[in-house]
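Asks: Build me a structure from this.
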Amino acid sequence: MALGSNVFSRSGRDADSPAESTKANHLAMYDFGLDVALGELHARVYRQFYHEDVASLNFRNVWDGLWGVSLRREGPAFVDALLWEHLRMTRHNARFSAGEERGADTYYNHVNYRGGWTYQGRTLGIPLLLPAAQTPGLSENLPGIGNNIVVAHHIGFEGHLTPVVTYQVVGTYGRNYGAQGVCKTPACELRVDRRTSRRDQWSFHVDIRGPVINRYNLSFHAVAAFDTGEFYEERFGLRLGLIWQGSYGSKRPSSQN
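Replies: The predicted structure is shown next:
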C-alpha cells in the first residue's frame, strides 16, 4: 500500500512585488492517491484538486477537479482492467457570496497569451476543455478556449475475448456549458461571455486487435467510434487495418533437421 505524494505551494508575491507579476498564469493541482495490492488485484483511488489562482489553493474550488478509481488484475481474462473517472470544472473560483456566476476564472485561458493553454489547436491537458475553434457554435478562427465549464463521467474496461484477441471499450458522458472570457475576434481585442445552457454529449470508442496468421506475423486492428448528443453533430468513424511485423526479404529458419 502506498500513499500518493503531495505538493504544497504558496503565493510568490509579497508586498514589494510589482503588480505585473500577477499577470502570469499557472496551472497546478493537489494530487492525492491510494494504491492497494490484494493478490492479483491492484486498485488505485485518486483525487486531484485543480488550481489556477491563489484562491483555489485555499480550497475555494473544493468540488472542481478529478475523482478516479482503477482496478487491474494480473493474467489474461475477459476483463483485465476497469476505470471510472469523474471530472467537474464548474466553479472556476467564483465568489458566490459576491454574486459571481460559475466560470469566473475561465480555466485554461490566459491573461497575456490569446491562445491560452493550447498548442496547434489542441488543449494542453484535459481534452474535454475545448479550444474555441473546436467548440460548436463558435467560429473556427478564434484562439483560446471556448468550452471549459464541464461535468463529465468517463468509464473504460479492457480484456481478452480469446487468449490472443484483446479489446478495449471506453465511453464518456459530458455536460457542457461553454465559457466566459472567450475571444470575440481572431485578434482577441475583446473577450465576451459565451456561457450556454446545458448541452449533453455521449462518446464511445471500441478497439479490438489480434493475430490473423501467426506464422507470418500478420495481425488485425479494428476501431469504431461515435458521438451522439446535443453538443456535437452525430458522428461515426470506423478503421480496419492489417499489420505485418518483420523484415522484407529476410529468410525464415528451416523447419527441417
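Asks: so where do the helices sit in the stretch 101-250 of the chain?
Replies: Along the stretch 101-250 of the chain, counting by DSSP state H, counting those that start in this stretch, no stretch forms helices.
Asks: low-confidence ranges in it?
Replies: Applying pLDDT under 70 to the stretch 101-250 of the chain picks out residues 247-250.
Asks: go with 80
Replies: 102, 111, 214, 246-250 (pLDDT under 80).
Asks: And the strands in the stretch 1-150 of the chain?
Replies: Secondary structure of the stretch 1-150 of the chain (DSSP state E, counting those that start in this stretch): strands at 2-3, 28-38, 41-51, 65-73, 81-89, 118-119, 122-123, 130-131, 145-147, 150-160.
Asks: Buried ones in the fifth one, by neighbour count?
Replies: When burial is assessed from 16 or more other CB atoms under 10 Å, strand 81-89 yields the following buried residues: Leu82, Leu83, Glu85, Leu87, Arg88, Met89. (Each C-beta comes from the backbone N, C-alpha and C, glycine too.)
Asks: ok, now the last one?
Replies: By neighbour count, and taking 16+ other CB under 10 Å as the criterion, the buried residues in strand 150-160 are Val150, Val151, Ala152, His154, Gly156, Phe157, Glu158, Gly159, His160.
Asks: Unless I'm misreading it, Asp105 sits right up against His51, doesn't it?
Replies: No - Asp105 lies out of contact with His51 (CB atoms under 8 Å); the separation is 10.0 Å.
Asks: how about the buried residues of strand 81-89, which pair is most distant?
Replies: Pairwise distances across the buried residues of strand 81-89 peak at 23.8 Å for Leu82 and Met89 (criterion: CB to CB).
Asks: got the contact list for the spatially closest residue to Gly174 that is not a sequence neighbour?
Replies: Nearest residue to Gly174, sequence neighbours excluded (CB to CB, 6 or more residues apart in numbering): Ala152, at 3.8 Å. Counting by CB atoms under 8 Å, 6 or more residues apart in numbering, Ala152 makes contact with His86, Leu87, Leu128, Thr172, Tyr173, Gly174, Arg175.
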